[in-house]
Each structure stands twice: as C-alpha cells, then as structure tokens.
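Enquirer: Structure for this input, please:
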Amino acid sequence: MSQFSAVEGKQTLSDFFKVPGDVYPVGRLDYDSEGLLILTNDRSLNNKLLNPLFRHEREYWVEVEGVVTTEALQRLSAGIAISIDGKKHLSLPAIVTPFETPPTVPERNPPVRFRKNIPTSWLSLQLTEGKNRQVRRMTAAAGFPTLRLIRYRIENVKLANMQPGDLLTMNQPTIYSLLFK
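Expert: Down below sits the predicted model:
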C-alpha cells in the first residue's frame, strides 16, 4: 500500500523504507499498480501535485488485454466517459501512444494473469488529471481492460532505470521518489 500507516494483511511503505516522520506520499498507487511514487515533506509541492487546480502531467505505461484498435486510441485521446463515485465524468484529452514493442520493465511480482489465447498491447497514456483508478476506468470504457499499470513519470521525474524497491533521494530531504511494488 502506498502509505506508511499499517494495514492489516498488507505491506506498506514502512515495511520497505525508513524516512523522516514528516515525509508522506504525494498521491497514491492502488494496490495493483506500480511505478513512481513521490514522497515529500514539502507542503507546497504536495499542494501543487494534489490540488486539481494545478494540472500536471503524469505518464502511465499500461498493458491491456487485446489488440487496441484505432477507434479505441481515438476515444482515449479525445476524452472518454467514465464513472467516478457513481457520477459520469468525461476525462480530459490524453496523449495516447501505442508501443510498437513491449517496454523493457522489471518482472511483476506477483505476475499478471494472462489468457493464453488473448494478445495484449502496451500503451503510454499522458494525463493531466488524476481521478481515482482513472487509467483502469478509461481503458475498460474503451473495451480494453488494464492488466498491468506502471506510473512512469510525474512532470519531469521519471522512473528511468530504477528497479523495484529503489529509493532515489532528490533535494534531500524534500523529495524521495521510488519504484514501488
């Protein structure tokens, strides 16, 4: 779980990392997602990254079930209707780019369950809003359920060559970023 406080039966950030007590994750990754997570004690940065009035880019690498169609790419790019808290929401336009070959990423633990007879596709989705489980809702609404979701970038901070469990200190002690899962 992308939090420091204990959750019964689940591992949290405190099981992996020791950081000062005033450092908290900015945003969250759901339990089935992985990738970049920024930890900070900078309240101004926290506000800029969490306040919906301050739009910032985030890039996700997404493995979906099936071979994504041109129509689905267009729907995802233009903005697609999803449900947030039981209300219809039209996502903002996104930059959606299919990978020609799957990206080189660490193996997932536990591995994603695949169906042998159904191919998969990888997409890069660049968003400027961050609704709860938005990427998963968007790909499902386009007809291509998410199998694996990796947050690759927040603004100009990228995973680059980080591996699961890496902790990169930047401008210590203000920002910590890590690849979690």
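
Enquirer: tally of neighbours for the closest residue to residue 6 other than its chain neighbours?
Expert: Take residue 6 and drop its neighbours on the chain: the residue closest to it by CB to CB, 6 or more residues apart in numbering is residue 12, 6.3 Å away. Quick note: C-beta positions are derived from backbone N, CA and C, even for glycine. The local packing of residue 12 (other CB atoms under 10 Å) involves 15 other residues.

Enquirer: Tell me how far residue 87 lies from residue 155.
Expert: 28 Å (CB to CB, to the nearest Å).

Enquirer: Which of these two has more residues huddled nearby?
Expert: Neighbour count, other CB under 10 Å: between residue 87 and residue 155, residue 155 has more, with 12 against 7.

Enquirer: end-to-end on stretch 55-68?
Expert: With CA to CA, to the nearest Å as the measure, stretch 55-68 spans 28 Å from end to end.

Enquirer: For residue 45, see how far away the residue lying farthest from the centre of the chain is.
Expert: Here the chain reaches farthest from its C-alpha mean at residue 117, the gap being 26.9 Å by CA atoms, centre = their mean. To residue 45, residue 117 is 46 Å away according to CB to CB.
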